[in-house]
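> below are the sequence and a predicted model for it; my questions follow.
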Amino acid sequence: MTTTAVTGPAARAVQVWKVYGAGETEVVALRDVSVDLERGKFTAIMGPSGSGKSTLMHCLAGLDSVSRGEVYVGGTRVTGLGDAGLTRLRRDKIGFIFQQFNLLPTLTAEENILLPMSIAGRKPDPEWYRTVIETVRLGDRLGHRPSQLSGGQQQRVACARALVARPDVIFADEPTGNLDSRSGADVLSFLSDSVRTHGQTIVMVTHDPVAASYADRVLFLADGAVVDEILAPTADAVLDRMRTIDEGPRGLGPAAGIPHESRGTTDPTGRTPHPGPPPDGGGLPRMDGGTEPGGGSRDPSARLGSGMAQAVRVFAADNGPTATLTSTAPSTLTTAPTQAGPQTVGPVPQGAPGEPAPRTRRDPDGPPPPRLRRPAESEQSTPEPARRPTRAVGRAKPEPGSAAPAPPTAPPDAPNTGPAATPDQSASRRSDVAPPGQTAPPGQTAPPGQTSQASLGPDGQAAAGVAGPVALAGEDAEVAGVRVGTEVGERRGSARRKAVQGPAATHPPKGRPTKRSGPQDQADTAEPAAPEPENAKPRKAAVKRTTSRKAKQDPVADDE
Ligand SMILES: Nc1ncnc2c1ncn2[C@@H]1O[C@H](COP(=O)(O)OP(=O)(O)OP(=O)(O)O)[C@@H](O)[C@H]1O
């Protein structure tokens, strides 16, 4: 691992290009982006849908490779690191917070918070741990499981998990996207406090100008280039800037403090010309280790390649080594190849701890995401109409069909595509396009017919419940968010998910209200459905009574 002095920026992109696909399907997601992310600062990344925000964040975090250019985290040059190096980097230097919380449902809040460190064989500094717990106000909820926590509390657990290891930088991808305005404001206050009081560095992708206004600096992306920035932003200033950017290239103003070459305005369309095909002629590696003629492909079936199918095969064929987490004392969390146990971690909704959630792209034509309000605004505000549906979203309902552990009554040989359907974006994205002139580093793609490296436990065995912590163990341990044994192809297409999981297994679009999940929906309390009573009428009446009783209560208020 190449390291330089750790006095510079917390993270840095130098003339970074990211190109997906080739020919007609080519997408230039990042064009010549150069940016320094200052240590001890809270930076927000904003821009229209498809402008490259997530791609930039993923490249910075080593979750995705760049096509050209260089990325640094702290003193470490990320570009060119192999799998083991990337794993160590993400484990030791980076914290992740995702929109979907990504907590393990079978573990308590405390166990979730400590899990990444436990897997890495480290213990938190007790004083710092206490500080984190106090700051996130989770002291009285540490023994609760995610299903017993509100969305805001779950996200605070995720924040604590990211913070407790004191990473060089925390990357947060729409951390408030699933929260109501109050919980969102809570999480943002906590994040900005951790920057101001404890010197944490945070980089957050958001669509929400109010969320961005908590940051010290907002970077604006348009069409893959950094086009502007605002320091000490207000929500109004951010909103104004976003409006201009949405108007198109003519709206792109000079980027204060941004190197000219990163502004992407060197041709009449406002686009910086693409650097051209990679020097090797453009044969880019696919998920299955083959090569797309002329580059990667966006064709879902091609991208799904053997990755998703492979993961399905792995899980269906072998329920073998899963991780057992001794959950009674967090410091004794262990991973061990075992078949069963009270705390056996099976399929995990949305991936393993901190793993990037499958990307749920916001439908540009859909309803706008819930807007947050800063505390001062909330105080004088009128009741918020969207509150109930958005609050309901915060319950982190496991994706239908994707996550809940198989009910105990499931036949042992029944193929369970749950975990395999937890797509791993990092794996797929890293495999999209190798840097020009390079093929993907070993381990990033698996040849057809082989279990990918990412699906192997430390002993090389296929890891069942591929998203489970067994895939986190050992040298390949991916802790706060990374490759957790699911070499599963492109994460985006619901068509692809459907193909594997069945039609119900689509993810809700970002920011869109979904039905509140009841306890019966939660993975760790899943029970086989009770048989319908013969006389259904009284039951219906009972359901009615329960519903109207529920309607009178404010369940989230109870939580808080
Ligand atoms: N795996 C991929 N294959 C092909 N194109 C991709 C892939 N990932 C992203 N892109 C494309 O790259 C561009 C930037 O995508 P990205 O997800 O970074 O945008 P974004 O600003 O985060 O969007 P949003 O706000 O909607 O999440 C888009 O045009 C997108 O379609």
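Thanks, I have it.
> wait, G8 sits on G75?
Yes - under the criterion of C-beta atoms under 8 Å, G8 makes contact with G75 at 7.2 Å. C-betas here are computed from N, CA, C, even on glycine.
> shaky segments in the protein?
Regions of the chain meeting the criterion pLDDT under 70 cover residues 1-7, 247-560.
> where does T25 fall, phi/psi-wise?
phi -100, psi 10 (degrees, to the nearest 10).
> do you know how far it is from G74?
35 Å (C-beta to C-beta, to the nearest Å).
> with neighbour numbers in mind, choose between the two.
Higher neighbour count among T25 and G74: G74, with 24 against 15, using other C-beta atoms under 10 Å.
> what does the stretch 51-200 of the chain put close to the ligand?
For the stretch 51-200 of the chain, the contact set with the ligand under C-beta under 6 Å from any ligand atom comprises 51-55.
> got these as a markdown table, with secondary structure columns?
Output for these, formatted as a markdown table (DSSP: H, G, I helix; E, B strand; the rest coil):
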| residue | secondary structure |
| --- | --- |
| S51 | coil |
| G52 | coil |
| K53 | helix |
| S54 | helix |
| T55 | helix |
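> so which elements touch the host helix or strand of M117?
Applying DSSP states H and E as the criterion places M117 in helix 109-119. Applying 3 or more C-beta pairs under 8 Å, 6 or more residues apart in numbering; DSSP states H and E, one finds that helix 109-119 contacts helix 151-164.
> and the angle for the helix holding M117 with helix 151-164?
30 degrees (axes from the mean of the first three to the mean of the last three C-alpha atoms, to 10 degrees).
> just the CA atoms of helix 109-119, as PDB, please.
C-alpha atoms of helix 109-119 as PDB (Å, rounded to 0.1, in the frame of the first residue of the first chain):
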ATOM      1  CA  ALA A 109     -27.700  -2.000  18.800                       C
ATOM      2  CA  GLU A 110     -24.500  -2.400  20.800                       C
ATOM      3  CA  GLU A 111     -23.400  -5.500  18.900                       C
ATOM      4  CA  ASN A 112     -24.100  -3.700  15.600                       C
ATOM      5  CA  ILE A 113     -22.000  -0.800  16.700                       C
ATOM      6  CA  LEU A 114     -19.100  -2.900  17.800                       C
ATOM      7  CA  LEU A 115     -19.300  -5.500  15.000                       C
ATOM      8  CA  PRO A 116     -16.900  -4.000  12.600                       C
ATOM      9  CA  MET A 117     -14.300  -3.600  15.200                       C
ATOM     10  CA  SER A 118     -14.900  -7.000  16.600                       C
ATOM     11  CA  ILE A 119     -14.500  -8.600  13.200                       C
END
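> following element in sequence after that helix, please.
Criterion used, DSSP H and E; the element after helix 109-119 is helix 126-136.
> and that following helix, what does it pack onto?
helix 151-164, helix 181-198.
> make JSON lines out of these and add distance to A61.
Listed next are the helices and strands packed on helix 126-136 as JSON lines, based on distance: least, C-beta to C-beta, whole Å:
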{"stretch": "helix 151-164", "distance to A61": "12"}
{"stretch": "helix 181-198", "distance to A61": "16"}
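> can I get the ones you listed in a markdown table with distance to A44 and mean neighbour count?
Converted to a markdown table, these look like this (distance: least, C-beta to C-beta, whole Å; neighbours: other C-beta atoms under 10 Å):
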| stretch | distance to A44 | mean neighbour count |
| --- | --- | --- |
| helix 151-164 | 16 | 27 |
| helix 181-198 | 10 | 20 |
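> of all those helices, which one comes closest to D83?
Ranking those by proximity to D83 (C-beta to C-beta) places helix 151-164 first, at 22.0 Å.
> could you list the paired strands of the helix or strand where V227 lies along with their orientation?
If you go by DSSP H and E, V227 is part of strand 225-231. Note on strand 225-231: by DSSP bridges, its sheet partners are strand 217-222 (antiparallel).
> M57 contacts G47, doesn't it?
No - using C-beta under 8 Å, M57 is not in contact with G47, being 11.3 Å away.
> of those two, which one has the most company?
G47 (26 against 21).
> from S189, how far out is that one?
For G47 relative to S189 (C-beta to C-beta), the value is 24 Å.
> re the thing from before, and the strand holding V227, C-alpha only, in CSV?
What follows is strand 225-231, C-alpha atoms only, in CSV (Å, rounded to 0.1, in the frame of the first residue of the first chain):
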residue,chain,number,x,y,z
ALA,A,225,-17.9,17.3,-13.4
VAL,A,226,-17.6,19.4,-10.3
VAL,A,227,-19.1,22.7,-11.4
ASP,A,228,-19.3,24.8,-8.3
GLU,A,229,-19.0,24.9,-4.5
ILE,A,230,-20.5,26.9,-1.7
LEU,A,231,-18.8,27.4,1.6
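> and it, what's buried?
Under the neighbour-count criterion of 16 or more other C-beta atoms under 10 Å, strand 225-231 has 225-230 buried.
> is the ligand contacted by whatever helix or strand comes next after that strand?
Next helix or strand after strand 225-231 toward the C-terminus (DSSP H and E): helix 235-246. No - using C-beta under 6 Å from any ligand atom, helix 235-246 stays clear of the ligand, with a minimum separation of 11.4 Å.
> quick check: R68 touching V14?
No - R68 is beyond contact range of V14, at 10.1 Å (criterion: C-beta under 8 Å).
> returning to that earlier point: nearest to R90, out of the helices and strands packed on helix 126-136?
helix 151-164 (11.6 Å).
> quick one: the closest one to helix 126-136, angle?
Using the same axes, to 10 degrees: helix 151-164 against helix 126-136 is 150 degrees.
> mind listing the residues bridging to I230?
Beta-bridge partners, per DSSP bridges, of I230: V218.
> for it, list the residues it contacts.
217-218, 220, 237-238, 241 (C-beta atoms under 8 Å, 6 or more residues apart in numbering).
> that one and the ligand, how far apart?
From I230 across to the ligand, the span is 17 Å (C-beta to the nearest ligand atom, to the nearest Å).
> can you give me the distance of that residue to R31?
21 Å.
> please point out which parts of the helix holding M117 sit buried.
Buried residues in helix 109-119, defined by neighbour count with 16+ other C-beta under 10 Å: 109-119.
> before we move on, what about stretch 117-136?
Quick answer for stretch 117-136 (16+ other C-beta under 10 Å): 117-120, 124, 129, 131-133, 135-136.
> beyond the helix or strand D92 falls within, next helix or strand please.
Secondary structure assignment for D92, by DSSP H and E: helix 83-93. The helix or strand immediately downstream of helix 83-93 is strand 94-98, counting by DSSP H and E.
> now do stretch 67-80: distance from first to last residue.
Stretch 67-80 has its terminal residues 11 Å apart, counting by C-alpha to C-alpha, to the nearest Å.
> what is the burial count for the residue nearest to L86 when sequence neighbours are not counted?
If the residues on either side of it in the chain are set aside, L86 comes closest to G62, at 4.9 Å by C-beta to C-beta, 6 or more residues apart in numbering. A total of 26 residues lie near G62 under the criterion other C-beta under 10 Å.
> same check on the one 3 residues further on?
Other residues near S65 come to 26 when the count uses other C-beta under 10 Å.
> before we move on, what SS does it have?
Strictly by three-state DSSP, S65 counts as coil.
> and the gap between it and L86?
From S65 to L86 the distance is 9 Å (C-beta to C-beta).
> same question for L219.
From L219 to L86 the distance is 24 Å (C-beta to C-beta).
> coming back round to it: just flag the most distant two among the buried residues of helix 109-119.
The widest separation within the buried residues of helix 109-119 (C-beta to C-beta) is 16.8 Å, between A109 and I119.
> on that earlier part again, what angle sits between the strand holding V227 and helix 235-246?
Going by the same axes, to 10 degrees, strand 225-231 makes 160 degrees with helix 235-246.
> on that earlier part again, so which of the helices and strands packed on helix 126-136 is nearest G143?
Using C-beta to C-beta, those put helix 151-164 closest to G143, at 12.0 Å.
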